[in-house]
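Undergrad: fold the following.
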Amino acid sequence: MIRVSLVAIFLLLFFIVGIPIWGITWIIGRFDPYKRDLICLRTVQLAFKTVLLLSGVKVDVYGEEHVPKDAPVLYIGNHRSYFDIVITYVRCPRLTGYVAKDSILKIPFLNLWMKRLHCLFLNRKDIKEGMKMILAGIDQIKNGISMCIFPEGSRGKAETETEMLPFKEGSLKMAEKTGCAIIPMAMLHTADIFEKHIPFIRSTRVVLIYGEPIYAKELEKDQRKHLGAYTQGVIRDLLEEARQLEAKTIEAKNQEKSL
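TA: Model (predicted):
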């Protein structure tokens, strides 16, 4: 319960301190919108790093060299925890907006920060609004802002981490229409942090692995037609690879201890 309390207190303090920061960045944005957005990105990344530290979360990262630093991308990942956003956002090298459910718009101040960070909000019940969101994401990528979406639509709860909900094919349109790289991400053990024992936060070592960039135009016709299913298959393979890497790491550490 201590970790939950520490995280809750920190987030409360962040929102209080965030009010003057918001005002300062608003003034900066009048003269340099990019600098304003970059300050907001780094501020929230620092806050998220603190949340991970207070939560006792350690992240083993593999394949980060696959993430382009000089061009916007579409991040696609499996989704089992609220911490998936925290873990992946701290590693974004450039301005990145996440797709979130529209109910978050009802949360005061948080909605302002998310809008400033180029997040988009999805109304799952309105197809037209969903299309508008995708078009907005396409525009953001064209303007140099990366996007991240979890195409399962909600957090998976299967016992086996390689089991995922079907990917929504529409979520990949941002990459199809812009030609940007799709960066597949696979995460292990994120539900062990919080979701498996709500309301407690447990110290957890998780694995995050990035796959090689996928370019829709370079795929075969059938793969492009079912891009969501194809990408999900890539992420499933990455999850298996992550398990193997994790096993090797544990074995190496055990050998060190035995020496």
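Undergrad: please count neighbours and contacts with C-alpha atoms only from this point.
TA: OK.
Undergrad: quick one: buried residues of the longest helix that the chain contains?
TA: When the chain is parsed with DSSP state H, its longest helix is helix 227-258. Within helix 227-258, the residues scored as buried using 16 or more other CA atoms under 10 Å are 227-232, 234-236, 238-239, 242, 245-246.
Undergrad: need the helices for the stretch 51-200 of the chain, in chain order.
TA: Using DSSP state H, counting those that start in this stretch, the helices assigned to the stretch 51-200 of the chain run over residues 83-89, 110-116, 127-142, 173-178.
Undergrad: out of those, flag the one nearest residue 253.
TA: helix 83-89 (23.4 Å; CA to CA).
Undergrad: tell me which other helices or strands the closest one touches.
TA: Contacts defined by 3 or more CA pairs under 8 Å, 6 or more residues apart in numbering; DSSP states H and E place helix 83-89 against helix 33-55.
Undergrad: what's the helix it packs on packed up against?
TA: By 3+ CA pairs under 8 Å, 6+ apart, helix 33-55 packs against helix 2-31, helix 83-89.
Undergrad: okay, those, which one's buried deepest?
TA: Highest mean neighbour count of the helices and strands packed on helix 33-55: helix 83-89, a mean of 19 (counted as mean count of other CA atoms under 10 Å).
Undergrad: on that earlier part again, farthest-separated two in the buried residues of helix 227-258?
TA: 227 and 246 (28.2 Å).
Undergrad: thought residue 209 was touching residue 240?
TA: No: counting by CA atoms under 8 Å, residue 209 does not reach residue 240; the two are 10.4 Å apart.
Undergrad: tell me the spacing between residue 16 and residue 140.
TA: 29 Å (CA to CA, to the nearest Å).
Undergrad: and for residue 222?
TA: According to CA to CA, residue 222 stands 27 Å off from residue 140.
Undergrad: between these two, which is the more surrounded one?
TA: Neighbour totals were compared for residue 222 and residue 140, and residue 140 leads with 21 against 9 (other CA atoms under 10 Å).
Undergrad: quick check: chain neighbours aside, which residue is closest to that one?
TA: residue 146 (7.3 Å; CA to CA, 6 or more residues apart in numbering).
Undergrad: counting neighbours, what do you get for that neighbour?
TA: The burial count for residue 146: 25, using other CA under 10 Å.
Undergrad: low pLDDT regions in the chain?
TA: By pLDDT under 70, the weakly predicted segments of the chain are 259.
Undergrad: can I get stretch 123-138 in CSV? Just the C-alpha atoms.
TA: Written as CSV, here are the backbone C-alpha positions of stretch 123-138 (Å, rounded to 0.1, in the frame of the first residue of the first chain):
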residue,chain,number,x,y,z
ASN,A,123,-15.3,7.5,-29.3
ARG,A,124,-15.8,3.7,-29.7
LYS,A,125,-19.5,4.1,-30.2
ASP,A,126,-19.4,6.6,-33.1
ILE,A,127,-17.8,5.4,-36.3
LYS,A,128,-17.7,8.9,-37.8
GLU,A,129,-15.9,10.3,-34.8
GLY,A,130,-13.5,7.4,-35.0
MET,A,131,-12.8,8.2,-38.6
LYS,A,132,-12.2,11.9,-37.7
MET,A,133,-9.7,10.7,-35.0
ILE,A,134,-7.8,8.6,-37.6
LEU,A,135,-7.7,11.6,-40.0
ALA,A,136,-6.4,13.8,-37.2
GLY,A,137,-3.7,11.2,-36.5
ILE,A,138,-2.7,11.2,-40.2
